[in-house]
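J.: Quick one, structure for this:
(3 chains, ligands or ions: 2)
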Amino acid sequence: MQLDAKIPGGPLAEKWDRHRFELKLVNPANKRKFEIIVVGTGLAGGSASASLAELGYNVKTFCIQDSPRRAHSIAAQGGINAAKNYTNEGDSIWRLFYDTIKGGDFRAREANVYRLAQVSNNIIDQCVAQGVPFARDYGGLLANRSFGGAQVQRTFYARGQTGQQLLLGAYSALMRQVGTGKVKMFPRREMLDIVVINGKARGIVARNLITGEIETHTGDAVVLCTGGYGNVYFLSTNAMASNATAAFRAYKKGAYFANPCFTQIHPTCIPVHGDYQSKLTLMSESLRNDGRVWVPKNPEDKRRPHQVPESERDYYLENKYPSFGNLVPRDVASRNAKEQCDMGKGVGETGLAVYLDFEDAIKRDGKAAIEKKYGNLFQMYEKITAENPYETPMMIYPAIHYTMGGLWVDYNLMSTIDGLFVLGEANFSDHGANRLGASALMQGLADGYFVLPYTIGGYLTGTTLEEVTTGHSAFKESVTSVNDSIEKLLSINGNKTVDDFHKQLGHIMWDYCGMARNDEGLKKAKGMVQQLREEFRENVLVPGSKKDFNQSLERAGRVADFLEFGELMLTDAISRQESCGGHFNEAYQTEENEALRDDENFCHVSAWEFTGKDKEPVLNKEELKFENVELTQRSYK
Amino acid sequence: MTKTINLNLKVWRQKGQNKKGRLETYKAVDISTDMSFLEMIDVINEQLTHKGKEPVAFDHDCREGICGMCGAVVNGRPHGPEMGTTLCQLHMRHFSDNDTIVIEPWRSRAFPVIKDLAVDRSALDKMIQAGGFISINTGGAQDANAIPVPQEAAELAMDAAACIGCGACVAACPNASPMLFVSAKVSQFALLPQGKPEAAKRAISMVREMDRLGFGNCTNERECEAECPKEISITNIARLNREYFKAGFLSAEK
Amino acid sequence: MNWLASTLLSSIGKKLMMAITGLCFCGFLAGHLAGNLTIYLGKDAFNSYAEHLHSLGPIITLVELGLLFSALVHILTGATLFYQNLKARPVRYSVNKSAGGRTLGSRTMPYTGFILLVFIVLHLINFHFIDKTDTTIYQIVHSAFANYVYVVIYVFAMIVAAIHISHGLWSAFQTLGANHVKYMPFIRGLSYVFSIIIVLGFGFLPIYLAYIA
Ligand SMILES: Cc1cc2nc3c(=O)[nH]c(=O)nc-3n(C[C@H](O)[C@H](O)[C@H](O)COP(=O)(O)OP(=O)(O)OC[C@H]3O[C@@H](n4cnc5c(N)ncnc54)[C@H](O)[C@@H]3O)c2cc1C
Ligand code: FES
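T.: Ligands and ions are numbered 1, 2, ... in the order given. From the prediction side, this is the model:
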């Protein structure tokens, strides 16, 4: 299939305005006649549900957690970018656009990223008006800090809880609409299938996680805001319920999956410390504003950090990248940490960690100032590790954190299934091969507040939608297949728990499709995943029954999908014979071990099409055209 | 340093909302002191699964103390014995070898048990629906810096806004009152200029909804403040009271 | 519902009524204690204080009615709160432990309140609704405390009152919204000081009358 991104014509800076003007409007009285299904209540889903309801649409919103306020977005710490230029450092929409495109190693769509930069300012305005308590300076105006990959301070923050505060803002707007009756909220529901009728997304099938009931819902359009799939690695900074299921089942119904191998490894996480561990904890990137990363120069050096004299420390990021220093983008920082550890210079019990040291910052600004900025992060670190970062340097190591890949969408955020829109981390659209810090929050809210509310109207006016009910055969088929797979899982009654399989899959993915990849490993991993999946299908042990609150069953369904999805990631990684951003194929690197792109052959989005269970998917390419920026080797020296 | 301990667990098991529940005893063996409390339950659950029994149902998601999904009463203390800590952030190093640990769900008429340790906290959402928002539609906002907000007000608002909605205040309160939760939301908005226009309406509707949902009444026992994982202060409750009296006696709001 | 009723009958409104009536009692106690202290000046001083008080006539009746009304409000509201709060947790915890928020006073409010109610009735029967035609108040008091059972009851009641007040006083300020980081420690201190003054001030009187005067 020819992929049409539907990018509007005209100069970059005018595309969005022009498109908004050209989009047909739904008259207010007619909006009432439409019913929209929104799956997910993170920044993307929460903001979209509220905004659609405010416009007059009837909205049904679903989430896995017991309350929409608990979506994974709540965990974002560091901040959200906007091109406000309040700091007078020469920031602009263009600069934010450029930094983001470059940060993504030139694998994102220019028009989308520019639009993102354009609406970034409206997001801050909107959130402040909602009562989000952003940090402020003494004069009462908004404060900013720096984040990786940028040389201006454009990140707005609410202590180390920015995601929480932004999500609570969106959640409060959503709750207001639930109160008016425009949104019907369905918490503790897991979407298990998209129902497609005459080529259009017309509803979903979901499981009520308390009663186990399989429920069906019709809608005139379906909006997926189901977040990222980082948990395919088992250990990640994602919340436990983050999953690929919703996106993957949409993929099986005809939505293309774009760039699944683009995953982000965050450089500053608390290192792994045991095999019982259930998740990894991020230490916000903002810490790199004041913390200095180092390892001992001598691999043999096993002294406590304080005993290592200044002259025997290697501040490798500052030395290697003098202009960005500790604030290089995430992929670069992560790879360098791995490199140091591979050289045997890693610290801590496992040797898989580097120091992030605040001694100089505390000397310079005082403990109080550091506490004010990062107090809660330091506290969290101390709770987990029982070490006090005010006194001993933190130990950090990279961990899976974000997934740039996602369902393919056009400029309107519509997938290859008509009427199925995909927002937030669940789509692939704006971050290319590497996301810059503080831009996921921006993207989720941009999609939900300021993009979808317009583009969905364009779709609804431009298409004819016949009446459908949940009695339609497509719904019945879908329910049957969902029921079948649930019963299958419960009937296997094998010897290994769901977590056993999940951990095993995680190890395979981390070892072969993690920070550095090579063809041989990827191919080997593909075989291993296939084998593991076979074993899962014969030997998984899922206790309990289906008509019940059954968390093992929930996880089993998600892991079953991860086992198929993992293979898709590997396939994508094998097919991309270049290095870019988070995808680092060892065969393609510069002399200085930086990712070496191949713009001639791989300047495209890889959009994968499902062809049948356990069959090889088909690759469709969307060529990326860069008319406004020059493709260069990224340099942060 | 990592070491391992053995524990006796007494865990509340209840099949469903209207079923009878009871404490069941399990042995937790070789628990690493670096584990989080929830990871310790994971270990028990894996064992139960292997034995063909149903694992203990418990809510959790972020496991880093911010989503507010986790929570159980551990030896009489919501979220366990550590101050300012959610259950997922509580580590086993705070327990000793051969300790007996009693684990119970949040108990309140307004939070019916769903299964084992998982409870239904939708009452918290309902109170927010009643008025825990600023009525502004997408798109209508002025420039973010148009209204300066004194830093002190912004910081106090942030202190209140740090609430994660876990319900520990209700669980801890001898009267099962959610005043700390309600007061945190009312305070956050009352402190910011953006929230002022609706302050009276908000205070009245949220309190009315709180009363309707079957919670108990605040009697200033201060257990909520002591147990709140985000250390939210009862000065917020005093502020809620002020807001409520202002609204009830001085505004035109009914 | 009428706005006043709906405000007062809400959970916070009920607390407001408890707080205001409670503060009235504290004020009354302060006055009562000041008057009682005249005992230390001797029989005549005390009797003349009582006479002076009675000469105020309608004002005193008004205050008495006010106190009676406050008492009704305080008791009924308190009982309602107690009942509602019990109902709010139908299944109890099998292990209860405080995180350090509760105090002896806060824990026992309904019970100390109930004891005080019984005591006040007794007290009124003893000293208020007693036939005073051919005796003086000093004599009544003096003969009452000649019985050591009365002394014990009174001292006990004053300890109970102090416990009740140790929570009630600061709690009333908190309920009224008067919690400020700068002043709250003072108010909490004041509650304890006031409680001690009540115990010592009222509690020592029976002992003084019985064994010293
Ligand atoms: C620890 C951490 C810190 C971060 N910090 C930052 C930061 O400082 N700045 C920044 O810009 N970004 C940050 N990010 C990234 C950012 O938080 C996420 O990318 C973003 O919040 C994703 O939002 P979302 O709305 O797309 O999805 P989510 O917030 O993940 O929401 C997904 C929603 O979908 C629902 N859902 C999922 N599957 C189903 C299903 N099958 N059925 C029904 N519902 C379903 C879930 O219940 C949930 O409501 C951070 C991420 C992590 C992990
Ligand atoms: S699991 Fe999110 S707060 Fe504990």
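J.: Near chain A, which residues of the stretch 151-254 of chain B? Just list them.
T.: Neighbours of chain A within the stretch 151-254 of chain B, by C-beta under 8 Å from any C-beta of the partner chain: B:151, B:154-155, B:157-158, B:161-162, B:164-165, B:188-189, B:192, B:194-195. Placement of C-beta: from N, CA and C, glycine included.
J.: Can you say which two of those residues are spatially most distant?
T.: B:Q151 and B:G165 (25.7 Å; C-beta to C-beta).
J.: ok, those two, which is more surrounded?
T.: More crowded of B:Q151 and B:G165, by other C-beta atoms under 10 Å in any protein chain shown: B:G165, with 26 against 16.
J.: Am I right that the more buried one sits in a strand?
T.: No: B:G165 is assigned coil when assessed by DSSP: H, G, I helix; E, B strand; the rest coil, not a strand.
J.: With respect to ligand 2, which of the residues of the stretch 151-254 of chain B next to chain A is nearest?
T.: Nearest to ligand 2 among those, counting by C-beta to the nearest ligand atom, is B:I164 at 6.1 Å.
J.: which other residues reach stretch A:458-478?
T.: Surrounding stretch A:458-478, the residues in contact under the criterion C-beta atoms under 8 Å, 6 or more residues apart in numbering or on different chains are A:23-26, A:34, A:193, A:195-198, A:200, A:202-203, A:205, A:216-218, A:220-221, A:412, A:414, A:418-419, A:421.
J.: mind listing the helices for the stretch 1-150 of chain B?
T.: B:37-50, B:122-131 (DSSP state H, counting those that start in this stretch).
J.: Sorry, slip of the keys, the one I care about is chain C.
T.: C:3-9, C:11-36, C:43-55, C:58-87, C:104-123, C:137-144, C:148-175, C:184-207 (DSSP state H).
J.: do the same with the stretch 201-350 of chain A
T.: Going by DSSP H, counting those that start in this stretch, the stretch 201-350 of chain A shows helices at A:245-252, A:316-320, A:330-342.
J.: out of those, nearest to A:V132?
T.: Nearest of the helices of the stretch 201-350 of chain A (C-beta to C-beta): helix A:330-342, 24.8 Å.
J.: So for that closest one, mean pLDDT?
T.: Helix A:330-342 comes out with an average pLDDT of 92.
J.: per the record, what domains does chain B have?
T.: B:4-104, B:122-135+B:146-253 (automatic domain parsing).
J.: looking at the ones you listed, which is buried most?
T.: domain B:122-135+B:146-253 (a mean of 23; mean count of other C-beta atoms under 10 Å in any protein chain shown).
J.: That one near ligand 1 anywhere?
T.: No: residues of domain B:122-135+B:146-253 contacting ligand 1 under C-beta under 6 Å from any ligand atom: none, with a closest distance of 13.4 Å.
J.: Quick check: end-to-end length of stretch B:224-244?
T.: 20 Å (C-alpha to C-alpha, to the nearest Å).
J.: check which helix or strand covers A:L505.
T.: Element membership for A:L505, per DSSP states H and E: helix A:498-512.
J.: That helix versus helix B:37-50: what angle between them?
T.: Angle, helix A:498-512 to helix B:37-50, by axes from the mean of the first three to the mean of the last three C-alpha atoms, to 10 degrees: 120 degrees.
J.: Against which helices or strands is helix A:498-512 packed?
T.: Helices and strands touching helix A:498-512, by 3 or more C-beta pairs under 8 Å, 6 or more residues apart in numbering or on different chains; DSSP states H and E, are helix A:519-539, strand A:540-541, helix A:551-575.
J.: if we go to 6 Å?
T.: If contacts are counted by 3 or more C-beta pairs under 6 Å, 6 or more residues apart in numbering or on different chains; DSSP states H and E, helix A:498-512 sits against helix A:519-539, helix A:551-575.
J.: can I get those in CSV with mean neighbour count, distance to A:F106 and mean pLDDT?
T.: Below are the helices and strands packed on helix A:498-512 laid out as CSV (neighbours: other C-beta atoms under 10 Å in any protein chain shown; distance: least, C-beta to C-beta, whole Å; pLDDT from 0 to 100):
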stretch, mean neighbour count, distance to A:F106, mean pLDDT
helix A:519-539, 17, 23, 98
helix A:551-575, 23, 18, 98
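J.: At the contact with chain B, which residues of chain C appear?
T.: With the criterion set to C-beta under 6 Å from any C-beta of the partner chain, chain C comes near chain B through C:3, C:7, C:10-12, C:81, C:84-85, C:88-91, C:93, C:95-97, C:99-102, C:106, C:171, C:174-175, C:177, C:179.
J.: Need the buried ones from those residues selected in ChimeraX.
T.: Only the buried entries of these go into this ChimeraX selection, using 16 or more other C-beta atoms under 10 Å in any protein chain shown:
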select /C:7,10,11,12,81,84,85,88,89,93,95,97,99,101,102,106,171,174,175,177,179
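J.: What backbone torsions are found at A:E467?
T.: phi -60, psi 130 (degrees, to the nearest 10).
J.: Right, I'll call it a day here.
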